[in-house]
Each structure stands twice: as structure tokens, then as C-alpha cells.
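J.: heads up, no residue letters with this:
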């Protein structure tokens, strides 16, 4: 039976990103109505999906014996994240262009800054 891979706790960061998507959608709905809310939602999703892909792919190996695999995994995950971002931005602007670009890019940028909270959200409080 294969041992289960223990990955770092990234659930809180991904959950925080989902909360930010909901908040930005709400801000868009309050200030610009349904089209602005939709643009903010799509901008948040375009930033969230590549981040979730990176988190899923990057932490496949643990331990000193797998140092080469860890580095390789990070490079592959980052390349996949970049490719997915380009693909999603292309699909959004070709298939369903957002009606309010300010809310789209505003939500996208805010989602990118949620990573600044990674140190806070990724650690568990000490019992002491």
C-alpha cells in the first residue's frame, strides 16, 4: 500500500482566496450592479484557478532525499500556472469579455496580493 503524501496546509490560503472572490463580487454588485459583479467574479476566478493548480502540483514530494524532485516540481508547477493564466486570460477576453475592466483587473490584482497572507494563514498557532 502506497504511503499518502502529506502536503503543507494550504487549505486556509485557498479558502481565503475564495472569500476574497466573494467580497470583490459583493463590492462590484454594490457599486456597479450585476455586470461589475460578474467582471469581479471572473477576475477572481482567473487568478484563483492557476494558484490552486500550483498548490496542487508543487507539493508532491517531501524530504531531503527528493530535493531534485522538489525543485523540478516547483518549476513544472510554475510553468503550468503561467500557461493556465495565459490560457484563461485569452479565453476570457475572446469568449466572454468582461463589461467592466476595472473590476476585472481589480479583483485579479487583489487575488494576487492574498499570497502576502500566506505566512499568517499557513502556520498554526503555537499551543504555548
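T.: Looks like it arrived, so ask away. Quick caveat, the model's predicted, so the values are computed rather than measured. Numbers count the residues shown, from 1 in each chain.

J.: any weak-confidence spans in the chain?
T.: For the chain, residues meeting the criterion pLDDT under 70 lie at 1-9, 63, 118-128.

J.: Just give me the longest helix of it.
T.: The longest helix of the chain (DSSP state H) is helix 67-95.

J.: That one: what's the following helix or strand?
T.: As assigned by DSSP states H and E, the chain's next helix or strand after helix 67-95 is helix 101-113.

J.: what residues does that next one touch?
T.: With Cβ atoms under 8 Å, 6 or more residues apart in numbering as the test, helix 101-113 has contacts from 17, 20-21, 24-25, 27-28, 32, 36-37, 39-44, 46-48, 51, 92, 98. Where C-beta positions appear, they are placed from N, C-alpha and C, glycine not excepted.

J.: switch the cut-off to 10 Å
T.: 16-18, 20-21, 23-25, 27-29, 31-32, 35-48, 51, 85, 89, 92-93, 97-98, 100 (Cβ atoms under 10 Å, 6 or more residues apart in numbering).

J.: Good, we can wrap up now.
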